[in-house]
Every structure is written in structure tokens, then in C-alpha cells.
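Chemist: fold the following.
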Amino acid sequence: MSHNLFAPTTDFLGVFDGISAADAAAWARAAKFGAECVGDINEHWQNAHYPLDIVRELGQRDLMTDGVAVPGHEQLSPIGAGLVLMEVTRADASMGTVIAVQAGLALRSIAMLGSEEHKKTYLEPLASCELLGAFALTEPAHGSDSIGLETTAVRDGDHFVLNGEKKWIGNGATGGMTQVFARLENGEVSGFIVPQDTPGYSAEVITGKLSLRSIHQTHIKLQDCRVPVENQLPGAQSFKDVARVLTATRVGVAWMALGSAVACFEKARDYVLEREQFGRELARTQIIQQRLSNMSLELAQMMLICREVSQREADGTMAPEQASMAKLHNTRAARRIASDCRDMLGGVGILLENDIARHFADVEAMHTYEGTDTVQSLIIGKKLTGFSAYK
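Modeler: Next up, the predicted model:
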């Protein structure tokens, strides 16, 4: 029995025909969420408004775990978690990014790097969205070279004193907690749980964005910010520990890119079936059919790479370079599909009411965050050649 929720003209190869009933149920739950929120999201996006009521709905519907085991919540398989990310992003990439930030980074790093007490304290509130979490790694001067971070953590008795700046941090000003990654006196990188009302912690929402406008990113400043020693993440002893969290999120971005690409493709396909020019439907013309076929081919490739890499993640055989390949391939393909679909709608393609323009803009951010196109290419290149092109 097939549990595939895609129309055959969307999943042309039937890539998701054989998914489990549990994965399909999670997918259906995410689809219901997306169908209910998509009608309001353009207004939030246009006004750069972060709709926290919609964010908390993700937690209430148990869509905020990203495959991480949290007591009292369903643990999704990597494919199930990917389908949820894909489907939520199909409605809105900002809400998909919320899952990537809250669950993929903040929740996952507590699960992977936190103490048992941290897990008891934070996993459930993060999964239910009672608490919003941030993952503060990127700095104003250190984006792609985040390993070079300059934020410092100096031990002072039973506290650490944090100083530095972080930038592009989702949920950094929501009143929740931020995991701040900083350099210790021995030169290694560690992480610290910092409640956002801690003295010395300040965060300003970044304005003027042309992408992901219905989620806030922030510029954080830490000035003699004191946190108790017990707030240090014991599993974060070096940057390699942090990188393990980032690898999993790169696969998530590949699924998100698929969600935006599907949304654009289906909108364009429906439009050309209804739109008439020169006395006939656009869908009857050779060039339109060829363009749809090309997009269908790219969608199939995106679906195949998502399923393969996520299956490897489930089996414990996924290499970091394979996660990089999935992210690199799918964000590139999503950009091409969004651009072609926008063009196929002509002038109305730039209107928010037709959704494609929003995805067109949001894919640009996906293509950049969690490792740029260049960085992912160099990770793959190092594996192919044995030489590192970066330090």
C-alpha cells in the first residue's frame, strides 16, 4: 500500500511510495498544519512579522522534534523528520526555518551535547515550544569560517564570563534561551546555555531582509555576561562536537529546498493548465511542456537524494560529505525551479498572493545558511582529492 501524499505528477518516480505508515502520518500532520497557516503567511512575510502563535502550533502538533528522541513525544525517523520539514516549508520556508533552528539546532544540541540535567530541563519545553531556543555560532566576522569564532568564555570561580558578538541568530530575541558557542582559555570551543534575560546579554532584530521575513534573526552582543558553570554543555569540548550538530541540519535544508521547489512547481503547473494565451491553454505549448518536464526531472533527483541520504542517516552510515552533497544539490536545484516558475507566471509571478515570489526569495537564504554553496563544494572537493582548500 502506498502512503505517498504527493500527486503522481509531482513525485513522477514514486520515490515516496514505500514510506512507512508512521512517516506518512507525520507527513499528513505537517500537511494539515501547512494548509491552515499558508493563508495567513503572506501577510506576516510582507510585514516582517514573526507569528509566534503559529510557531507554538508546531509544538502543539508534535512537529518540533526533527527526529530527536524526546520523552513524551513521537520520535520520527530521519525520513519522517525530513518529510515534516519539507511539507512545512512547502507552505512557508520561514516556518521550516523555525524547525531547523528550534529543533534541528537548539533541541538537537541539548540532546547531543547537554548533560542529563540539561536534557531533563530543556528537551520537553523546546519540543512543545513552551520555550524558544537559539543556537548562536555565527559571528559578524565569522560566517563560513565559524571555526574562527572570537567570542570568549573565561572561568571566574563558579561562573563563566562571556564576551563577544553573534549574528544571524534565529530566536535570539524571543525571551527564551540561547546556546552560545565561545572559545575557552585553552583555545577550544565550548557551548553555554544563556537565558536571554541574563545581564550582559542583548539582542537586536535584524531588519531590511528580503528573505525569510516571517522569522526573526538577531545580532547578539555579550558584555561580561555571567553564566553558572553548570550551564556549560559537557559534550561540547571542541568545534568538531559542534560540527556533528551542523551535519544533521544540512540534510534538513536539503528537504526544505525540496519543499519550496514542490510548491513552486505545483503552482506553475496549475497556472499553465488554466491560463490561455493566443487562443489555447499555455500547457498545450511545446516550450511549457518541456520546461515542466525539466523541472520534474530535477524534482525527482531532489527526492531521490533526500531519501537516500536520510536512509543512510537512519542506518548510521551517512558521511558528512554526503550531507553536504544533498544540501548543495537541492538548494541549487530549488533556485532554478523557483526562477523558472516565477517566469512562467509572467507578471503575476511577482505577486505574493501566488506564493512563488516568496519561495523565490526564501530559497536564496536556504542556499546560504548552514554552509554556503562554496563551503559545501570544498567539503566534497576535499573528500574527492584528499586536499583541503580551506584551513
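
Chemist: strands along the chain, start to end?
Modeler: Assigned by DSSP state E, the strands in the chain fall at 133-136, 152-156, 159-170, 177-183, 189-195, 201-205, 217-228, 276-277, 280-281.

Chemist: got the buried residues for stretch 338-358?
Modeler: Neighbour-count burial for stretch 338-358 flags 338, 340-342, 344-345, 349, 354-358 (criterion: 16 or more other Cβ atoms under 10 Å). To be clear about C-beta, it is placed using only N, CA and C from the backbone, and glycine gets the same treatment.

Chemist: so what's residue 331 up against?
Modeler: By Cβ atoms under 8 Å, 6 or more residues apart in numbering, the residues touching residue 331 are 253-254, 257, 363, 366-367, 373.

Chemist: actually, residue 181.
Modeler: For residue 181, the contact set (Cβ under 8 Å, 6+ apart) comprises 136-137, 149, 151, 189-192, 236, 242.

Chemist: could those residues be laid out in JSON lines, adding pLDDT, distance to residue 205 and neighbour count?
Modeler: Formatted as JSON lines, the contacts of residue 181 follow (pLDDT from 0 to 100; distance: Cβ to Cβ, whole Å; neighbours: other Cβ atoms under 10 Å):
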{"residue": "136", "pLDDT": "96", "distance to residue 205": "14", "neighbour count": "32"}
{"residue": "137", "pLDDT": "94", "distance to residue 205": "18", "neighbour count": "25"}
{"residue": "149", "pLDDT": "91", "distance to residue 205": "22", "neighbour count": "23"}
{"residue": "151", "pLDDT": "96", "distance to residue 205": "20", "neighbour count": "22"}
{"residue": "189", "pLDDT": "94", "distance to residue 205": "26", "neighbour count": "22"}
{"residue": "190", "pLDDT": "96", "distance to residue 205": "27", "neighbour count": "23"}
{"residue": "191", "pLDDT": "97", "distance to residue 205": "23", "neighbour count": "27"}
{"residue": "192", "pLDDT": "98", "distance to residue 205": "22", "neighbour count": "23"}
{"residue": "236", "pLDDT": "94", "distance to residue 205": "27", "neighbour count": "25"}
{"residue": "242", "pLDDT": "90", "distance to residue 205": "25", "neighbour count": "25"}
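
Chemist: I'd like those residues laid out as a markdown table, including distance to residue 267.
Modeler: Below are the contacts of residue 181 laid out as a markdown table (distance: Cβ to Cβ, whole Å):
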| residue | distance to residue 267 |
| --- | --- |
| 136 | 35 |
| 137 | 34 |
| 149 | 40 |
| 151 | 42 |
| 189 | 43 |
| 190 | 45 |
| 191 | 41 |
| 192 | 44 |
| 236 | 42 |
| 242 | 38 |
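
Chemist: where do the helices sit along the stretch 201-350 of the chain?
Modeler: Per DSSP state H, counting those that start in this stretch, the stretch 201-350 of the chain carries helices over the ranges 239-274, 286-315, 320-344.

Chemist: tell me the angle the last one makes with helix 239-274.
Modeler: Using axes from the mean of the first three to the mean of the last three Cα atoms, to 10 degrees, the interaxial angle of helix 320-344 with respect to helix 239-274 works out to 30 degrees.

Chemist: helix 320-344: how far from the chain's middle?
Modeler: Chain-centre distance of helix 320-344: 14 Å, with Cα atoms, centre = their mean, to the nearest Å.

Chemist: related to what we said a few turns ago, pLDDT and distance to residue 74 for the buried residues of stretch 338-358 - can I get that in JSON lines?
Modeler: As requested, the buried residues of stretch 338-358 are exported to JSON lines (pLDDT from 0 to 100; distance: Cβ to Cβ, whole Å):
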{"residue": "338", "pLDDT": "97", "distance to residue 74": "32"}
{"residue": "340", "pLDDT": "96", "distance to residue 74": "37"}
{"residue": "341", "pLDDT": "96", "distance to residue 74": "34"}
{"residue": "342", "pLDDT": "96", "distance to residue 74": "37"}
{"residue": "344", "pLDDT": "94", "distance to residue 74": "39"}
{"residue": "345", "pLDDT": "94", "distance to residue 74": "38"}
{"residue": "349", "pLDDT": "91", "distance to residue 74": "38"}
{"residue": "354", "pLDDT": "91", "distance to residue 74": "35"}
{"residue": "355", "pLDDT": "93", "distance to residue 74": "29"}
{"residue": "356", "pLDDT": "95", "distance to residue 74": "33"}
{"residue": "357", "pLDDT": "95", "distance to residue 74": "35"}
{"residue": "358", "pLDDT": "96", "distance to residue 74": "30"}
